[in-house]
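Enquirer: return atomic coordinates for the entry below.
(2 chains)
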Amino acid sequence: MATSKSDMKGFFKQKKKSGGITKAKAKSSSTKKSLSPKRSATYGSDITQPAALISHGSPDIEDDYDEKEEVLRQFDMNMAYGPCLGMSRLARWERAKSLGMNPPEDIGHLLKAGKVGAECLWEGRV
Amino acid sequence: METEDSSSENGLLHRKQALYSSLDSCFVIQKEMYRGQQYSQIYFARLHLMRTLLYSLLPNWKPHIQVCTVIGLEEGKECIIVGTLYKHMKLKPSILEEYSKERSATPLVRPHNFMHPDDHLILEDESGRIKVCGDVLLPSVYVTGVVVALHGKETGTGDFWVEDVMEGGLPHQIERPIKSGEDKYVIFVSGLDIGSSTSNPLKFQLLVDHITGHLGDKKEQSIAAKIVRVIIAGNSVEIPRGLLNGQNLGSKDQFTLFEPIKELDIQLTQIAAGIPVDIMPGPNDPANFSLPQQPLHRCLFPSSSAYNTFRSCPNPHLFQLDDVSLLGTSGQNIDDLEKYSDANDKLEFLERTLRWRHVAPTAPNTLGCYPFTDRDPFFVETCPHVYFVGNQEKYETRLIKGAEGQIVRLICIPRFSETGVAVVVILWMQL
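Expert: Numbers count the residues shown, from 1 in each chain, chains lettered A, B, ... in the order given. Now for the predicted structure:
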């Protein structure tokens, strides 16, 4: 449609040209949820853990995934000690010990201390 | 040989006694708790136990060949791999096939033996599996669940060509001290099938009278006095299963159901009153289905369990009598081997299980088994002196010898209700 020149400016959003470099707006952290780096795996999105599909395993977001858990997960994944599903971690460690496989003692102490996950990585999720 | 005269001064015969110790603790499920585990755990335990054993035997067998895992195989390179055998069987009944073909509750009629010329073996360990070919490892001999060491090489087609095979072999046997003098007899009987149409109560009564010394003259009684123990190896009763149709039983039906067990209890009381008796559960007995079958409950035998000579044992049963170690089952393991492999006679199956060092290799594949997590109780640790199996067609026996000088007496105990035959084993060193 023919428009007069004077109306062009009405169509296009004019950028305000300031003299210098526009300063980027600093995101104020107070408006966002304070997220620790641990939970950055699912930051901002709950598509990976839709609430309805979680049966009785706990969602990732609430897991205490520290380095102790990492060590225990490596123990779960170690093929030398056999399958990890269907046994508690301590039972699997005890079995490895009784079969003479010499599992690392500190994993045994960690499991017996009791403040870590007793069941294997896949428990309740498979 | 100096025979000890067992008759004492006042004419009373004393029964011989033997020192009994039961080694059944590995078969009794006491502290196990089912946590939803699968059978991968028992297979892992079995593989680990056998692999440790086979690795220790490898230096004596082929010390210069390298050992590797299935995933580490290189084409054309000669090596030794250790793993669990899986036999792929064309005719093996599969629940999925049955369901898809015919949706009925009654099982389809099946052949007794599921072997087929196209069966082949696959070796599997934690890292992978590979098809095994060659003439050395015959699919008709081996079954799923046996752990072996194979010497060979990988072929171009991705199969493993076997040149030689090593099994666990007979385990170490504890030496029996040479005894002289006293003969001690052990009676083995199985398949009494009390309550069935084929069992004759007079036959069993005759056996009981003979064992307890109520038959014959002084000479017969002195033979009976040498019997130290009676082992009943399964299938003692036959419950009229036709009554069990899913509905509540009336009191008359309940009475009929329990009749065979009551009759067995009466007979066992007669035996237990004079001689120690071990009773093992069998496939038809009121015990759990999967191996190891737990001992029959004491409440089934109200009068015989009052005697301390009465002992209810699990199946399989491992015990010692005066330094003689005896191991045996009620027949499920050998019957299952018969369905999935081939041999000249039942004793050959028995010998194979001992050389494979596993009482029931087909468990849990085709034989019901409890899903143990930390152990495999069917692994044979020490070689028994007597190895028996119950509920077979006929009586057979053989003596086999091991590489280290082990000597084992293999016994097939026939079904008493059909044959009327019980087996007497003389616990005396044969030189």
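Enquirer: enumerate the residues of chain A near chain B.
Expert: When proximity is defined by Cβ under 8 Å from any Cβ of the partner chain, chain A lies next to chain B at A:79-80, A:82-83, A:85-88, A:91, A:94-95, A:98-101. In this view, the C-beta of every residue, glycine as well, is placed from N, C-alpha and C.
Enquirer: in contact with the residue of chain B at minimum distance from chain A, which residues?
Expert: In chain B, the residue found nearest to chain A is residue B:37; the distance is 2.9 Å by Cβ to the nearest Cβ. The contact partners of residue B:37, taken as Cβ atoms under 8 Å, 6 or more residues apart in numbering or on different chains, are A:85, A:86, A:87, B:371, B:373.
Enquirer: farthest-apart pair in those, please.
Expert: Considering Cβ to Cβ, no two members of those lie farther apart than A:85 and B:371, which are separated by 11.8 Å.
Enquirer: anything in contact with each of those two?
Expert: Shared contacts of residue A:85 and residue B:371, defined by Cβ under 8 Å, 6+ apart, are found at B:37, B:38.
Enquirer: quick one: contacts of stretch B:391-407?
Expert: B:169-173, B:190-191, B:233-235, B:282-283, B:330-331, B:334-335, B:345-347, B:351, B:354, B:383, B:385, B:408-415, B:418-419, B:421, B:423, B:430.
Enquirer: list the ones among those that fall in strands.
Expert: Counting by DSSP state E, the part of the contacts of stretch B:391-407 found in strands is B:233, B:408, B:409, B:410, B:411, B:412, B:413, B:414, B:423.
Enquirer: filter the contacts of stretch B:391-407 down to the buried ones.
Expert: B:169-171, B:173, B:190-191, B:233-235, B:282-283, B:330-331, B:334-335, B:346-347, B:351, B:354, B:383, B:385, B:408-415, B:423 (16 or more other Cβ atoms under 10 Å in any protein chain shown).
Enquirer: how about residue B:165, secondary structure?
Expert: In three-state terms, and counting by DSSP: H, G, I helix; E, B strand; the rest coil, residue B:165 is strand.
Enquirer: quick check: beta-bridge partners of it?
Expert: Partner residues in beta bridges with residue B:165: residue B:150, with DSSP bridges as the criterion.
Enquirer: contacts only, for it.
Expert: With contacts defined as Cβ under 8 Å, 6+ apart, the neighbours of residue B:165 are B:136, B:137, B:148, B:149, B:150, B:151.
Enquirer: got a list of what the residue nearest to the second one when sequence neighbours are not counted touches?
Expert: When you say that, I think you mean residue B:137. Leaving out its chain neighbours, the residue that sits closest to residue B:137 by Cβ to Cβ, 6 or more residues apart in numbering or on different chains is residue B:162, at 5.0 Å. By Cβ under 8 Å, 6+ apart, the residues touching residue B:162 are B:132, B:133, B:134, B:136, B:137, B:150, B:151, B:152.
Enquirer: for the host helix or strand of residue B:162, the distance to its chain's centre please.
Expert: Of the helices and strands defined by DSSP states H and E, residue B:162 is found in strand B:160-166. The gap between the average C-alpha position of strand B:160-166 and the chain average comes to 28 Å, counting by Cα atoms, centre = their mean, to the nearest Å.
Enquirer: as PDB, could you dump the C-alpha coordinates of it?
Expert: Below are the C-alpha coordinates for strand B:160-166, written out as PDB (Å, rounded to 0.1, in the frame of the first residue of the first chain):
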ATOM      1  CA  PHE B 160      35.800 -69.500  17.400                       C
ATOM      2  CA  TRP B 161      37.400 -72.700  16.000                       C
ATOM      3  CA  VAL B 162      38.100 -75.000  19.000                       C
ATOM      4  CA  GLU B 163      41.200 -77.100  19.000                       C
ATOM      5  CA  ASP B 164      41.000 -78.300  22.600                       C
ATOM      6  CA  VAL B 165      38.800 -78.000  25.600                       C
ATOM      7  CA  MET B 166      39.500 -78.100  29.300                       C
END
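Enquirer: run a quick neighbour tally on the residue of chain A found nearest chain B.
Expert: Nearest residue of chain A to chain B: residue A:86, at 2.9 Å (Cβ to the nearest Cβ). The number of residues packed near residue A:86 is 22, by other Cβ atoms under 10 Å in any protein chain shown.
Enquirer: distance of it from residue B:34?
Expert: Between residue A:86 and residue B:34 the computed distance is 10 Å (Cβ to Cβ, to the nearest Å).
Enquirer: what bridges to the spatially most central residue of chain B?
Expert: Note on chain B: the residue nearest the mean C-alpha position is residue B:329, at 2.9 Å, using Cα atoms, centre = their mean. Bridge pairing for residue B:329 (DSSP bridges) gives the partners residue B:389.
Enquirer: surely it and residue B:353 touch.
Expert: No: because the distance of 9.3 Å does not satisfy Cβ atoms under 8 Å, residue B:329 is recorded as not touching residue B:353.
Enquirer: overlap in contacts of the two?
Expert: B:359, B:360.
Enquirer: and the nearest residue to residue B:205 once chain neighbours are set aside, how many neighbours does it have?
Expert: Closest residue to residue B:205 apart from its sequence neighbours, by Cβ to Cβ, 6+ apart: residue B:267 at 7.3 Å. Here the number of neighbours of residue B:267 (other Cβ under 10 Å) works out to 20.
Enquirer: up against chain A, what does chain B have?
Expert: Counting by Cβ under 8 Å from any Cβ, the residues of chain B that sit close to chain A are B:35-38, B:40-41, B:44-45, B:48-49, B:52, B:126-127, B:371, B:373-375.
Enquirer: now, which of the residues you listed lie within helices?
Expert: With DSSP state H as the criterion, helices contain B:40, B:41, B:44, B:45, B:48, B:49, B:52 from among the residues of chain B next to chain A.
Enquirer: find me the pLDDT at the closest residue in space to the last one that isn't next to it in sequence, would you?
Expert: If I follow you right, that is residue B:52. Taking Cβ to Cβ, 6+ apart as the measure, residue B:52 lies nearest to residue A:100, with 7.1 Å between them; neighbours along the chain are not counted. We note a pLDDT of 88 for residue A:100 in this prediction.
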